[in-house]
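1. need a 3D model of the sequence below.
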Amino acid sequence: MDRRVLWAIALMMVIAIAPTFFFKQPPKRPVASTVADSGARRPSSLPDSQSAAVERPGLPVTAQTAAQPADTVVVSSALYHYAIATRGGAIIQASLEHYKNLAPGHRGETVRMLPEGVPIHQLAVSVGQDTLRLADWDFTPSTKALEVTGSDSLTLTATRGGVSLELRYYFGPADYQIGVAGRFTGLGPVGGHLLVDMGSGFSQTEADSAGNYYAYGIVTKTDQSKVHLFSKLKAGESAVYEGPFEWAAVKSKYFVAALLAVDSGDAQISGITARALPGEAKVVHASTTFGVPVSSTGLFRYRLYVGAMEYPRLRAVGHDFYDINPYGWPGFRTLIRPIAVAARALLVWMHEHLGIAYGVVLILFGIMIRLVLWPLNQKGMRASIRMQALQPEMQKIQDRYKDDPAQLQKEVMQLYKREGVNPFSGCWPLLLPWPILLALFFVLANTIELRGQSFLWLPDLSLKDPFFILPVLMGASMFAVNKVGMLGMPPNPQSKMMLYMLPVMMTVLFINFASGLNLYYFIQNLVSVPQQWILAQERLKAKAAAPPVIVSTKKKS
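-> Sure, this is the predicted structure:
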């Protein structure tokens, strides 16, 4: 029993760092900070996209024409509404029709990903040391509005000072992917470098603003994905991430704007700069610019993904794009991800096909997992009973060879072999539920389908219980399981201490975890009590039938 308790404690410590995701205080964004702050330091491969001048020898002088009134082209489907400005050609808003805002003061409104005045996909182009910004260019759109029913496109064209750009967006009705293709003319024969401003973060859309702010960051993909959290930067600090990258993204907890250079023939992302906005006591926003090579013919092409992090859509993109929303920590991800993906798929399937609330789904899932593991637990616990039956013989061997550790170990192993007992068989049933529990930790924290799902007094299964009822019930149920499980076991001061300490430790550990995780574990414990009771009765019968243990007190001469 001592070994099993130590294993349990060790595994629980694996998730001990997880509360740091929930203790973050929501930082305040200073009013004086602006996305257009232009002090970012860029690498030589990514010239400064904020350069205001075009009057340099390498490019034509920009004509000082009067600015035209800016229009907005709204691109709509049942899934989204994208707003694209004719001045600059950037995406200035992305409304996601399937998701509601959960932030106080805006709860129930349709999610609008972008803050006012913070567009994404704002372009500039550099040739040599010259940078041409397109933010104040007036584009002519091919249509004033676009209702997407099939494979539809929007074309924007503009010319200034001998340089022209034809920019085309491609849309599908049931996907957040946006194809982008463009052609510059007048840049000269050497090509250039496209600088894509991807904004500085998204609108606050979550009830847990601290958790959402903490998730803000950049994700990049080479051989494997890597997350660069904005919170790791200091106010005003710049960071450079050298490519090439197959894809890169700016993300919050549930939403993402990504640039994907994954099609054959696409030039990969050459690098990224991120500059934390100045004046933030705790950084949560950073101005980001992606660099993409432009061919000598002036052509560029890639895809955008602007929308929700729904696992099936992310996976359909390929190239490990689902790692934008990782299930598991680096190092544990390979083990946890398959279980997490399967658990997520089953939870969503039960909710959608059986028409039941996610809270009920988690209850049924907890019962089902315990029933599936029942035979394995039964086998392991009965092995523990056999181990207990060997204790009299073990005691004799320990008395006989207490001064000869090598022979003691040899005799013990021979006893195990002769009786057909595996000394570790009683431990692994205790470990089996833990990969599932860890996988559910990430599923409940990161799966957008569970976002905002209420159950009984719980406003959101992905967030902590506001009244801390479930963590207390979970701790009490753990005490009950352990209490029943110790019936018929030899008195052990350490086991008795852990009987009381372990539930308290777990309650404290789980108190800020997702309420859905507490609900699942509480149900697991409740369903375990009958099995523990049955096996405890078998243990008591085996103990009654076993010969008494005689401990030798004779001193060796």
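
2. domain-wise, how is the chain divided?
-> Split into domains by automatic domain parsing, the chain comes to 36-62+71-309, 339-545.

3. for the ones you listed, which one sits closest to residue 316?
-> Checking the domains of the chain against residue 316 by CB to CB gives domain 36-62+71-309 as the closest, at 8.3 Å. Glycine gets a C-beta too; all of them are placed from N, C-alpha and C.

4. distance between that closest one and the chain's centre?
-> 22 Å (CA atoms, centre = their mean, to the nearest Å).

5. before we move on, the earlier item: just name the most buried of the domains of the chain.
-> Across these, the average number of neighbours (mean count of other CB atoms under 10 Å) peaks for domain 36-62+71-309, which reaches a mean of 19.

6. got the contact list for residue 108?
-> The contact partners of residue 108, by CB atoms under 8 Å, 6 or more residues apart in numbering, come to 100, 101.

7. need the per-residue pLDDT for it.
-> Residue 108 carries a pLDDT score of 92 in this model.

8. helix, strand or coil for it?
-> When classified by DSSP: H, G, I helix; E, B strand; the rest coil, residue 108 comes out as coil.

9. that one and residue 102, how far apart?
-> The gap separating residue 108 from residue 102 is 9 Å, by CB to CB, to the nearest Å.

10. can you check residue 375 too?
-> For residue 375 relative to residue 102 (CB to CB), the value is 42 Å.

11. related to what we said a few turns ago, and the domains of the chain, which one averages the lowest pLDDT?
-> Taking the mean pLDDT of these, domain 339-545 comes last: a mean of 81.

12. part of a helix, is residue 461?
-> No. Under three-state DSSP, residue 461 falls outside any helix and is assigned coil.

13. just checking, it touches residue 520?
-> No. When contacts are counted by CB atoms under 8 Å, residue 461 is not listed as touching residue 520 (9.7 Å).

14. what do these two both touch?
-> Jointly contacting residue 461 and residue 520 under the rule CB under 8 Å, 6+ apart are residue 362.

15. of all the domains of the chain, which one is nearest residue 317?
-> When the domains of the chain are compared by CB to CB, domain 36-62+71-309 sits nearest residue 317, at 6.7 Å.

16. as a markdown table, the domains of the chain with distance to residue 317 would be great.
-> Formatted as a markdown table, those follow (distance: least, CB to CB, whole Å):
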| stretch | distance to residue 317 |
| --- | --- |
| domain 36-62+71-309 | 7 |
| domain 339-545 | 15 |
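
17. remind me which helix or strand residue 360 belongs to.
-> helix 358-389 (DSSP states H and E).

18. helices or strands next to the helix or strand just after that helix in the packing?
-> Using DSSP H and E, the helix or strand that follows helix 358-389 in sequence is helix 391-400. Here helix 391-400 touches helix 405-419, going by 3 or more CB pairs under 8 Å, 6 or more residues apart in numbering; DSSP states H and E.

19. could you export the helix it packs on as PDB, CA atoms only?
-> Presented in PDB, the C-alpha positions along helix 405-419 are these (Å, rounded to 0.1, in the frame of the first residue of the first chain):
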ATOM      1  CA  PRO A 405      20.100  -8.200   2.200                       C
ATOM      2  CA  ALA A 406      21.300  -9.900  -1.000                       C
ATOM      3  CA  GLN A 407      20.000 -13.300   0.200                       C
ATOM      4  CA  LEU A 408      16.800 -11.700   1.500                       C
ATOM      5  CA  GLN A 409      16.000 -10.200  -1.900                       C
ATOM      6  CA  LYS A 410      16.800 -13.500  -3.600                       C
ATOM      7  CA  GLU A 411      14.500 -15.500  -1.300                       C
ATOM      8  CA  VAL A 412      11.700 -12.900  -1.700                       C
ATOM      9  CA  MET A 413      11.800 -13.100  -5.500                       C
ATOM     10  CA  GLN A 414      11.800 -16.900  -5.300                       C
ATOM     11  CA  LEU A 415       8.700 -16.700  -3.100                       C
ATOM     12  CA  TYR A 416       7.000 -14.400  -5.700                       C
ATOM     13  CA  LYS A 417       7.900 -16.800  -8.500                       C
ATOM     14  CA  ARG A 418       6.800 -19.900  -6.600                       C
ATOM     15  CA  GLU A 419       3.400 -18.400  -5.700                       C
END
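
20. three-state assignment of the closest residue in space to residue 272 that isn't next to it in sequence?
-> In space, and not counting its chain neighbours, residue 272 is closest to residue 241: 4.4 Å by CB to CB, 6 or more residues apart in numbering. Following three-state DSSP, residue 241 is assigned to strand.

21. residue 241 contacts residue 221, correct?
-> No. Using CB under 8 Å, residue 241 makes no contact with residue 221, being 11.2 Å away.

22. between the two, which contacts overlap?
-> By CB under 8 Å, 6+ apart, the residues touching both residue 241 and residue 221 are residue 248.

23. what about the helices in this protein?
-> Listed in chain order, the helices of the chain (DSSP state H) span 2-14, 209-215, 311-317, 333-354, 358-389, 391-400, 405-419, 428-431, 433-446, 469-485, 493-510, 515-545.
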